[in-house]
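# have a look at this fold, sequence not included:
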């Protein structure tokens, strides 16, 4: 009898402990969700989401973070469903050169673009939000705006005289852009702006944007072309040659094997750019090892009156790395995008403080001049 009572008490106590543990876990998860929601509300409150250019003056330092809303739309149960369904047609084209037209499921090549507020919740906005919050703490007097691909497409990075509203623009994963957005970003750099590419796999495919339906439709790139009536196998990178000239690099290969002998940001291969313009100044050579041995590294390339700065890796994956943040700070300071350390009352962080000057690895000193 005593044994039964003891067992019953043990079961009751054990059940209470399990229930308390589950309740604590649930409360912890809720707390994390609430913290994330508060962070989002702070971001919405702190940053100009409506592109009010009245606060942007030539005397201030103005930075725009562009949410990749066209790419978000392409990944939302549309383009990639089509790619998977007709993958065999692309493979056959690569092997034989035969172009087979596709006239079914073409609705998958159009997708609705998320609104600005909604897109801030998207995983592809996380890295940009993190860096914006970092800058606001590091340099509180810097004006920070969040724009979307639609804003850049509509030219809201310029004033009425077609002059730049921003000192710098930071892009995330802008894999899909319109011709107009591509041209506006190029013009921004030509005017003297600094374009910072956080991620790789940039400007890979062209889409058309319909403001009436708020939808994008594939035009060309990512191995396909589409004229509204049929789709057929085509180029993989839409502006490969032109991007070599002013961006300085092209998309490498997400499915290829790549390792990095010089890896200050503790980055794991995901998607990278390889440098294709011989005038690019290498800032960090990652000493990439791969089948093709293309040079992969952080670099800057002067274009017109401005420049493009690329990390050549999928920077979203390392934005919280301390070495990455210090290197990012240094780039912004040296290019006069943020206030000087003397104005901020902070110690200047040089590249030598955190990273070694590494020359090109053997076998990667040449930069390809064209894309095959």
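Received the coordinates, thanks. Because the structure is a prediction, the values reported are computed rather than measured.

# how far does stretch 228-248 sit from the chain's center?
Relative to its parent chain, stretch 228-248 has a centroid offset of 19 Å by C-alpha atoms, centre = their mean, to the nearest Å.

# cool, and stretch 308-326?
The answer for stretch 308-326 is 10 Å, by C-alpha atoms, centre = their mean.

# before we move on, what about stretch 208-225?
Offset of stretch 208-225 from its chain centre (C-alpha atoms, centre = their mean): 19 Å.

# contacts for that stretch, please.
70, 73-74, 79, 82-83, 90, 109-113, 149-150, 153, 176, 178-180, 204-207, 226, 228, 231-238 (C-beta atoms under 8 Å, 6 or more residues apart in numbering). C-beta: built from backbone N, CA, C; applies to glycine.

# do stretch 156-166 as well
Looking at what lies outside stretch 156-166 - C-beta under 8 Å, 6+ apart - the contacts are 51, 53, 56, 62-64, 145, 147, 151, 169, 184-185, 187-188, 191-193.

# same deal with stretch 111-119?
Stretch 111-119 is contacted by residues 44, 49, 67, 69-70, 72-74, 76-79, 122, 125, 146, 148-150, 209, 213-216 when judged by C-beta under 8 Å, 6+ apart.

# list buried residues within those.
If you count burial by 16 or more other C-beta atoms under 10 Å, the buried members of the contacts of stretch 111-119 come out as 49, 67, 69-70, 72-74, 78-79, 122, 125, 146, 148-150, 209, 215-216.

# among these, which are in helices?
Counting by DSSP state H, these place 69, 70, 72, 73, 74, 79, 149, 150 in helices.

# closest to residue 303 among those?
Closest approach to residue 303 among those (C-beta to C-beta): residue 149, at 20.7 Å.

# which of the contacts of stretch 208-225 are buried, as a ChimeraX select command?
Per 16+ other C-beta under 10 Å, the buried members of those correspond to this ChimeraX selection:
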select :70,73,74,79,82,83,90,109,110,111,113,149,150,153,176,178,179,204,205,206,207,226,231,232,233,234,235,236,237,238
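
# helices of the stretch 201-350 of the chain, start to end?
For the stretch 201-350 of the chain, the helices defined by DSSP state H, counting those that start in this stretch cover 240-246, 322-334, 341-344.

# which of the ones you listed sits closest to residue 313?
Using C-beta to C-beta, the helices of the stretch 201-350 of the chain put helix 322-334 closest to residue 313, at 9.5 Å.

# tell me which other helices or strands that closest one touches.
Helix 322-334 is packed against helix 126-138, helix 351-354, with contacts defined by 3 or more C-beta pairs under 8 Å, 6 or more residues apart in numbering; DSSP states H and E.

# for residue 232, give the beta-bridge partners.
Note on residue 232: beta-bridge partners by DSSP bridges are residue 225.

# what's the distance between it and residue 226?
As judged by C-beta to C-beta, to the nearest Å, residue 232 and residue 226 stand 8 Å apart.

# identify the contacts common to the two.
Residues touching both residue 232 and residue 226 (C-beta under 8 Å, 6+ apart): none.

# not counting its neighbours along the chain, what's nearest residue 296?
Among residues not flanking residue 296 along the chain, residue 288 sits closest, at 4.0 Å (C-beta to C-beta, 6 or more residues apart in numbering).

# if I pick that neighbour, what's in contact with it?
258, 259, 260, 261, 272, 274, 294, 295, 296, 297, 361, 364 are the contacts of residue 288 under C-beta under 8 Å, 6+ apart.

# of those residues, buried ones?
Neighbour-count burial (16+ other C-beta under 10 Å) applied to these gives 258, 260, 272, 274, 294, 295, 296, 297, 361, 364.

# in a markdown table, list the residues you listed along with pLDDT and distance to residue 165.
Formatted as a markdown table, those follow (pLDDT from 0 to 100; distance: C-beta to C-beta, whole Å):
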| residue | pLDDT | distance to residue 165 |
| --- | --- | --- |
| 258 | 95 | 37 |
| 260 | 97 | 36 |
| 272 | 97 | 31 |
| 274 | 97 | 32 |
| 294 | 92 | 35 |
| 295 | 96 | 34 |
| 296 | 97 | 32 |
| 297 | 98 | 30 |
| 361 | 35 | 40 |
| 364 | 37 | 38 |
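
# taking the residues you listed one by one, which sit in strands?
Residues from those lying in strands, with DSSP state E as the criterion: 258, 260, 274, 297.

# just the closest of those residues to residue 307, please.
Proximity to residue 307 was ranked across those by C-beta to C-beta; first place goes to residue 297, at 15.6 Å.

# could you measure from the closest one over to residue 275?
Distance of residue 297 to residue 275, given as C-beta to C-beta: 7 Å.

# hmm, residue 324 is touching residue 315, no?
Yes: counting by C-beta atoms under 8 Å, residue 315 is a contact partner of residue 324 at 7.3 Å.
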